[in-house]
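[1] what follows is a predicted protein model with its sequence.
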Amino acid sequence: MIAVVSGWAGAISAFVPVDPDADEARRLLLDELSKAEYREAQPTWFDRLAAAIGDWLQSLTVGSAGGPPGIGVLIVILVVVVALVVAFLVFGLPRLATRSRDSGSLFGDDDARDAATIRRAAESAASGGDFALAITEMFRATARGLAERTVLTTSPGTTAHDFAQRAATAFPAFVGPLGDAAASFDQVRYLGREGTRAQYDAIAALERGLREEKPVLETVGA
């Protein structure tokens, strides 16, 4: 047995110096580390990323408070939540959905104006004697006003009579005036009629009445 070990030792010493110098030792170490078993044992990019995140969480402190890492993370989260709550209290909830619903197509035309703006345009047209435009604008103000109140909405395919019928469901006391207003709108908008002061006054009274009236239904579908 001793003879066998001595034989292996002699064979190894023939290839590997018993006392290698610095360059030879570095080469032998690199050759050894390049073997597959060493490469497989090295940490992956995911391991390094997880370690980096862990180190960052461990380093979290607030001011000079220090303390366990979990406390620092909790304080950061609480600060963010408080900032969001303050922003909602100051600026209110986003109104993107309401704006999208209220503006857009209105009886065949793209119109992003609010009800008050359209109403003023109608009153200005009436003051100038353009009752066709005044009737059209006041009817639009009526529809936009109900949309802003979320009573009902208008889509690109909504007609004046369709609007009047759905509005009458929410305001049954105004069934007649709504039907008359839709007819007046169609006459000046599509039939080229000039319109009259009486027609305008009737739609203006309807618009005021609906603004002051509480709908029977909370929401009427589009």
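    Noted; the coordinates are in hand.

[2] now do the domain split for the protein, please.
    22-59, 61-93, 97-212 (automatic domain parsing).

[3] pLDDT (mean, whole number) over the longest one?
    I take that to be domain 97-212. Taken as a whole, domain 97-212 has a mean pLDDT of 90.

[4] one more: the shortest one?
    With pLDDT averaged residue by residue, domain 61-93 scores 59.

[5] and stretch 215-222, by the same measure?
    Rounded mean pLDDT across stretch 215-222 is 60.

[6] okay, now residue 109: neighbour count?
    Applying other CB atoms under 10 Å, we find 11 residues neighbouring residue 109. From N, CA and C alone the C-beta is placed, and that goes for glycine too.

[7] ignore the last one, residue 139
    Neighbour tally, residue 139, other CB under 10 Å: 30.

[8] show me what contacts it?
    107, 160, 181, 182, 184, 185, 203 (CB atoms under 8 Å, 6 or more residues apart in numbering).

[9] please identify which helix or strand holds it.
    Using DSSP states H and E, the element containing residue 139 is helix 131-148.

[10] how about residue 84?
    Element membership for residue 84 (DSSP H and E) is helix 69-91.

[11] then residue 192?
    Assessed by DSSP H and E, residue 192 sits outside every helix and strand.

[12] host element of residue 105?
    strand 104-106.

[13] right, and the helix or strand after that strand?
    That would be, after strand 104-106 and using DSSP H and E, strand 109-111.

[14] C-terminal to that next one, what's the next element?
    Criterion used, DSSP H and E; the element after strand 109-111 is helix 115-127.

[15] quick one: that following helix to helix 131-148, angle?
    170 degrees (axes from the mean of the first three to the mean of the last three CA atoms, to 10 degrees).

[16] renumber starting at 88 from here on
    Taking 88 as the first residue, the last one we looked at is helix 202-214.

[17] report all helices and strands that the helix or strand that the helix holding residue 226 is followed by contacts.
    The helix or strand immediately downstream of helix 218-235 is helix 247-257, counting by DSSP H and E. Under the contact definition 3 or more CB pairs under 8 Å, 6 or more residues apart in numbering; DSSP states H and E, helix 247-257 sits against helix 218-235, helix 262-277.

[18] and of those helices, who's closest to residue 298?
    helix 218-235 (6.1 Å; CB to CB).

[19] so how far is residue 230 from residue 282?
    17 Å (CB to CB, to the nearest Å).

[20] so for these two, which sits in the more crowded spot?
    Neighbour tally, residue 282 and residue 230, criterion other CB under 10 Å: the higher count belongs to residue 230, 26 against 22.

[21] identify the residues contacting the more buried one.
    193, 194, 241, 250.
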